[in-house]
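K.L.:
Here is my input; please provide its structure:
(chains A and B)
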Amino acid sequence: MKINDSSAEHTKVITRFAPSPTGVLHVGGARTALFSWLFARKYGGEFVLRIEDTDTERSTKEYEEDILDGLTWLGLKHDIFVRQSEQMPRHKEVLREMIEKGSAYEAEENTAGTGKVIRFKNTGETITFTDAVRGDITFDTTELGDFVIARDIEHPLYHLAVVVDDCDSGITHVIRGEDGISNTPRQILIARAIGAPEPIYVHIPLILAPDKSKLSKRHGAVSLTAYRDMGYEPEALINFLALLGWNPGDEREIFSVEELIAEFSLERIQKGGAVFSTEKLDWVNKEHMKLMPKNDQYARMAPYFEGRDEKRVRAIQSLVVERISKWSDIQTLGKEGEWEYFFTAPEYKAEGLIWKKGDTNEALQHLDNLAKAMQSIDYATPETVKEGIWDYAEKEGRGNVLWPLRYALSGREKSTDPFTICSILGRDETLARIETAAKKLRNHQG
RNA sequence: GGCCCUAUCGUCUAACGGUUAGGACGUCAGGUUUUCAUCCUGGAAAUCGGGGUUCGAUUCCCCGUAGGGUCACCA
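P.N.:
Below is the predicted model of the structure:
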């Protein structure tokens, strides 16, 4: 049997994301959450967030907050919140019933020391379940033995808690990473023993580190909040994550969240793991930045230009966006002097004004001529500036004229084109900078 | 090692027996009004190996190989 989205058409879909707060929410977990969320949204179902904090030794409030922050940032809102530790009474109740019915028993333990544990009475049947992305998967459960389901009568463990909670929440589709495959037979065994319905399992491929191994703390597993802090757009990260292990079936790559909800389907989930590529994420992010309304763009970049003249910042907005792939690039490039000359007159050495194919006299002559010609041109737009000086540049040689001009304005080997800079600076500042440059050259001569 | 999963360009992927194996990122080359950025055009780049099944396999089956996951009184 092949399970697909039709499994969602006649029942109310309830999915869940069940992280344990023993580590940060990284892109792997975020994508698992995303798929669960998309599927629930697509079918008008519910999305449960369950914090699996039964291991009090390792669970921390900080990690829980990190997980919540990450999900909030992405906008993956849950409909129902469950804290697993608070379900403990239910777990114990089920545990007692299991012991009474003989499907679990207390056992002496001499190895690890602390006395007794509670084991599942494994009948050793062969279990086959139908995974929605991989098809039938069969396990011989005899090799599992009578596995431990509780530390003692007061402390139920993971597998039992998961099955009870999924059952109580009415989870219809368990969407999780493929590292959960090997847990599935144990959970099905427990589910059958307590008469819980078996959900549909959807094991999605793992997101891999560049060396193709599972994401780990020491290998690429950075908190999602780090992406937020680096200035990625949440919608872009969602877009990118969705495309890691899923595709729409055509060649579109850029999606809004709404489009993703409409397009998402279990059938098109990939089987193999996918390496996380920052380069592609940057590209997706840039595409999303370009699609943002101007005002939203400004709101994102403004903090990086704190204290600068707002009109000037707005004037350079589009050329800034053109040069970055995430908002924090503004800061990185800013430290290299990428924006400074738009706000203050540049510092530089006279030699820089001289084009590689020209000499000092030429540069000075062109700057003097430009200073005169540019008194009366229109600075409204880059185009009008260009109109005003293009004929002259054309006649004298573009590089001969434009290089000294651009350098006089920016003080940099590489910069935005001179027409754009002029239109941003306006007549007075432009002429002042040309004047300064000409002075430098005269000193350089003498 | 046992069990389980997976296998198309460097990376993400399309092609549900018949295609010059397509797209995207990255990369390289050229162009777009001097540099940078953007943008445009073009190039290089892949079906893990071996057997089958079939008129015909990227596609179906088997065996290898490789990679990954998992083997707790963690989740």
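K.L.:
just the strands in the stretch 51-200 of chain A please.
P.N.:
A:80-83, A:104-109, A:115-120, A:126-131, A:135-140, A:148-150, A:173-177, A:200-204 (DSSP state E, counting those that start in this stretch).
K.L.:
mind putting these in JSON lines, mean pLDDT included?
P.N.:
As requested, those are exported to JSON lines (pLDDT from 0 to 100):
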{"stretch": "strand A:80-83", "mean pLDDT": "98"}
{"stretch": "strand A:104-109", "mean pLDDT": "89"}
{"stretch": "strand A:115-120", "mean pLDDT": "91"}
{"stretch": "strand A:126-131", "mean pLDDT": "95"}
{"stretch": "strand A:135-140", "mean pLDDT": "95"}
{"stretch": "strand A:148-150", "mean pLDDT": "96"}
{"stretch": "strand A:173-177", "mean pLDDT": "98"}
{"stretch": "strand A:200-204", "mean pLDDT": "97"}
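K.L.:
and these as CSV, adding mean neighbour count and distance to RNA strand B?
P.N.:
Glycine gets a C-beta too; all of them are placed from N, C-alpha and C. Formatted as CSV, the strands of the stretch 51-200 of chain A follow (neighbours: other Cβ atoms under 10 Å; distance: least, Cβ to the nearest atom of the strand, whole Å):
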stretch, mean neighbour count, distance to RNA strand B
strand A:80-83, 14, 11
strand A:104-109, 14, 3
strand A:115-120, 18, 5
strand A:126-131, 15, 8
strand A:135-140, 13, 4
strand A:148-150, 23, 4
strand A:173-177, 23, 8
strand A:200-204, 23, 7
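K.L.:
what mean pLDDT would you report for stretch A:307-327?
P.N.:
Per-region confidence: stretch A:307-327 scores 97 on mean pLDDT.
K.L.:
Identify all contacting residues around that stretch.
P.N.:
A:230-232, A:282-283, A:285-286, A:289-290, A:294, A:297-298, A:300-302, A:304-305, A:329-330, A:333, A:338-339, A:342-343, A:416, A:420, A:424 (Cβ atoms under 8 Å, 6 or more residues apart in numbering).
K.L.:
Of these, select the buried ones using a ChimeraX command.
P.N.:
ChimeraX command restricting these to the buried ones, with burial defined by 16 or more other Cβ atoms under 10 Å:
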select /A:231,232,282,283,285,286,289,297,298,300,301,304,305,329,330,338,339,342,416,420,424
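K.L.:
Intersect the contacts of stretch A:307-327 with the contacts of RNA strand B.
P.N.:
A:282-283, A:416 (Cβ under 7 Å from any atom of the strand).
K.L.:
which of these lies closest to RNA strand B?
P.N.:
Taking Cβ to the nearest atom of the strand as the measure, RNA strand B lies nearest A:W283 of these, at 3.7 Å.
K.L.:
elements contacting the helix or strand harbouring the closest one?
P.N.:
Using DSSP states H and E, A:W283 maps to helix A:278-291. The helices and strands touching helix A:278-291, judged by 3 or more Cβ pairs under 8 Å, 6 or more residues apart in numbering; DSSP states H and E, are helix A:234-242.
K.L.:
quick one: buried residues of the helix or strand hosting A:E394?
P.N.:
Taking DSSP H and E as the definition, one finds A:E394 inside helix A:382-396. Buried residues in helix A:382-396, counted by 16+ other Cβ under 10 Å: A:382, A:385-386, A:388-389, A:393, A:396.
K.L.:
where does chain A have its least confident helix or strand?
P.N.:
Across the helices and strands of chain A, mean pLDDT, DSSP states H and E gives its lowest value to strand A:104-109, namely a mean of 89.
K.L.:
Which neighbours in the sheet does that one have, and how are they oriented?
P.N.:
In the sheet, strand A:104-109 lines up against strand A:115-120 (antiparallel) (DSSP bridges).
K.L.:
tell me how far the partner strand is from the chain's mean position?
P.N.:
Strand A:115-120 sits 42 Å away from the centroid of its parent chain (Cα atoms, centre = their mean, to the nearest Å).
K.L.:
Residues in contact with that strand: which ones?
P.N.:
Contacts for strand A:115-120 (Cβ under 8 Å, 6+ apart): A:95, A:98-99, A:103-109, A:146-153, A:186, A:189-190, A:193.
K.L.:
repeat that for 6 Å
P.N.:
A:104, A:106-107, A:109, A:146-150 (Cβ atoms under 6 Å, 6 or more residues apart in numbering).
K.L.:
for stretch A:182-192, what is the average pLDDT?
P.N.:
97.
K.L.:
Can you tell me the closest non-neighbouring residue to A:A161?
P.N.:
Distance criterion Cβ to Cβ, 6 or more residues apart in numbering; nearest residue to A:A161, sequence neighbours excluded, is A:H91 at 5.2 Å.
K.L.:
hang on, the one you found packs against A:V164?
P.N.:
Yes - using Cβ atoms under 6 Å, A:H91 is in contact with A:V164, at 5.4 Å.
K.L.:
Between the two ends of stretch A:171-179, how far is it?
P.N.:
This stretch, stretch A:171-179, spans 19 Å end to end (Cα to Cα, to the nearest Å).
K.L.:
where does the stretch 201-350 of chain A dip in pLDDT?
P.N.:
Counting by pLDDT under 70, the stretch 201-350 of chain A contains no low-confidence segment.
K.L.:
Okay, buried residues for the one helix or strand A:L431 maps to please.
P.N.:
Using DSSP H and E, A:L431 falls within helix A:418-445. The neighbour-count check on helix A:418-445 (16+ other Cβ under 10 Å) flags A:418-425, A:429-431, A:433-434, A:436-438, A:440-441 as buried.
K.L.:
mind listing what A:R83 touches?
P.N.:
Neighbouring residues of A:R83 by Cβ under 6 Å, 6+ apart: A:I51.
K.L.:
Against A:F129, how distant is it?
P.N.:
Distance from A:R83 to A:F129, counting by Cβ to Cβ, to the nearest Å: 28 Å.
K.L.:
and RNA strand B, which of the buried residues of helix A:382-396 reach it?
P.N.:
The subset of those within reach of RNA strand B, by Cβ under 7 Å from any atom of the strand, is A:382, A:386.
K.L.:
which one of the buried residues of helix A:382-396 sits closest to RNA strand B?
P.N.:
So of the buried residues of helix A:382-396, ranked by how close each gets to RNA strand B (Cβ to the nearest atom of the strand), first place is A:K386, at 5.5 Å.
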